[in-house]
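> Kindly return the folded structure for what I paste below:
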Amino acid sequence: MSIALTHSGLPAGVKPFELLDVLAKLRTELGLRDEDLAYLRCVFRLTRAEDFLPGRICAVWERVAGLADRMNFHIRRITRIETRLEERGLVLRTGAANGRRFGRRSEDGRIVSAGGINFAPLIERAPELLARIRRTARAAEELKEDRNRLNDLIRRIRGLDAPEALSAARQAFPRLRPSEVRDAGRMSALIDALEVILAEFSPASGQTVQTAPSDSLVRPDTKRDKKIETCRPEPTVSISPAQVCLLTSDEMAEVIQVYAEAADEGARPSMRTLALAARERAQMLGISGLEWDAARDRLGELRVLLCLVIADRNGGRHDRFAVRNPAAAFIGLTRKTTRGDAAIAALVAELRRYTGEVRP
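Got it, this is the predicted structure:
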């Protein structure tokens, strides 16, 4: 029995053997082996260019033994290859019940029936496979850009000539070698971490430099400590309990609700209730009580609460601010926040943009 399985043709501008080049680039993703690609190149030579036109049958009916002779493979190896290609959804075996393969072409060369290896599944998947190639190329380009950005951040942090900044960078990225990072998510997380470190340890952009006094001055400067003002004040964190609730993850919101009901506060929990709920949520994430208490003693109730809200909420995101381990992100953030509110204020502002406009 044979099956007349037609196809809708290759995408415009794509040649048959170019499709095999696509498969070679996606071999790992598709679970293909070198022998699978060699087999396809062999059988594609048995087809004709017009077999790939829309509405045609594209198939070969060479006997397994004949293919084994062509490739110098054992018959069982050919069978395993064909089975694997069929399981991957790339070909369809349409031979007779007894395994016999045959086909027939019309006078104009069109295949009218075939019992053998049909390539319709592969041809129909061509647009999908090409889209995968484009996504892979785009991801590689984005990774290259992120790696350049990470290199630039490391260079700028080294240029600060601040041992504390370099130490903080090594805590987030011990080897400081962007070429070793292959995962886009980790790359984004490292960029975020180093941007925070750079912002923390960089001099304020508005800081002025005190000039040397003129030689003509006769009046001595008796002021021992001159305070240098900046044009832009240090960002501070100002947020209400209601705003905190709008920034939390769904899981933390449920914990807050339990504590608010226990305190008879309803939908308007106090900052104290939020702090208790945050400690509970921290333990759920794997943050020990000792780590929580140490961070709270160092930063204060509000800052440690906001650090947890940021780390917890970012754990459920899928953009460049996503974190895979909220507990580790929390620990890292509490360490970065020791020098002031600039970093945490920036992250709260970003989280506000992510969740929507938050009004007091």
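> Okay, domains of this protein per the record?
Following the assignment in automatic domain parsing, the chain carries domains at 16-124, 139-203, 236-360.
> can you put those domains in TSV and add mean neighbour count?
(C-beta placed from N, C-alpha, C; glycine too.) As requested, the domains of the chain are arranged in TSV below (neighbours: other C-beta atoms under 10 Å):
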stretch	mean neighbour count
domain 16-124	16
domain 139-203	16
domain 236-360	17
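> Could I get these in TSV, plus columns for distance to Arg132 and mean pLDDT?
Formatted as TSV, the domains of the chain follow (distance: least, C-beta to C-beta, whole Å; pLDDT from 0 to 100):
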stretch	distance to Arg132	mean pLDDT
domain 16-124	6	94
domain 139-203	10	88
domain 236-360	19	78
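> Could you pull up the residues touching the nearest residue to Val14 once chain neighbours are set aside?
For Val14, the nearest residue in space outside its immediate sequence neighbours is Ala126; the separation is 6.4 Å by C-beta to C-beta, 6 or more residues apart in numbering. Residues near Ala126 by C-beta atoms under 8 Å, 6 or more residues apart in numbering: 10-11, 14, 19, 22.
> Touching stretch 14-24 from outside, list them.
Everything outside stretch 14-24 that qualifies as a contact, by C-beta under 8 Å, 6+ apart, is 10, 30, 32, 37, 40-41, 44, 47, 49, 52, 90, 122-123, 126, 129-130, 133.
> if we can go back for a sec, want to try CSV for the domains of the chain, with distance to Thr6 as columns?
Compiled in CSV, the domains of the chain are given as follows (distance: least, C-beta to C-beta, whole Å):
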stretch, distance to Thr6
domain 16-124, 6
domain 139-203, 34
domain 236-360, 40
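> Nearest approach to Leu5 belongs to which of these?
The minimum distance between Leu5 and the domains of the chain falls on domain 16-124, with 4.8 Å, by C-beta to C-beta.
> Quick one: end-to-end distance for the closest one.
The straight-line separation of the ends of domain 16-124 (C-alpha to C-alpha, to the nearest Å) is 12 Å.
> on that earlier part again, strands - which of the contacts of stretch 14-24 land there?
For the contacts of stretch 14-24, membership in strands holds for none, with DSSP state E as the criterion.
> Just those: which are in helices?
The subset of these located in helices under the criterion DSSP state H comprises 30, 37, 40-41, 44, 122-123, 126, 129-130, 133.
> Would you agree Met71 is in contact with Asp36?
No. Distance between Met71 and Asp36: 11.6 Å, which falls outside the contact criterion (C-beta atoms under 8 Å).
> which neighbours do the two share?
With C-beta under 8 Å, 6+ apart, Met71 and Asp36 have no common neighbours.
> which among the ones in helices among the contacts of stretch 14-24 gets closest to Leu306?
The closest of those to Leu306 turns out to be Ile133 (C-beta to C-beta; 43.0 Å).
> residues contacting the closest one?
Applying C-beta under 8 Å, 6+ apart, one finds that Ile133 lies in contact with 22, 25-26.
> Then Leu276?
Residues Tyr259 are the ones in contact with Leu276 under the rule C-beta under 8 Å, 6+ apart.
> from the chain's centre, how far out does the strand or helix carrying it sit?
For Leu276, the host element (DSSP states H and E) is helix 271-284. Using C-alpha atoms, centre = their mean, to the nearest Å, the mean C-alpha position of helix 271-284 is found 30 Å from that of the whole chain.
> nearest to Glu261, of the ones in helices among the contacts of stretch 14-24?
Using C-beta to C-beta, Leu30 is the member of those that sits closest to Glu261, with 52.7 Å.
> ok, and the closest non-adjacent residue to that closest one?
Leaving aside its chain neighbours, Leu30 sits nearest to Arg88 (5.8 Å; criterion: C-beta to C-beta, 6+ apart).
> returning to that earlier point: tell me the one of the contacts of Ala126 nearest Gly315?
Taking C-beta to C-beta as the measure, Gly315 sits nearest to Val22 out of the contacts of Ala126, at 36.2 Å.
> Now that closest one: which helix or strand?
The secondary structure element spanning Val22 is helix 16-25 (assigned by DSSP H and E).
> can you give me how far that helix is from the chain middle?
Here helix 16-25 shows a centroid-to-chain-centroid distance of 27 Å under the convention C-alpha atoms, centre = their mean.
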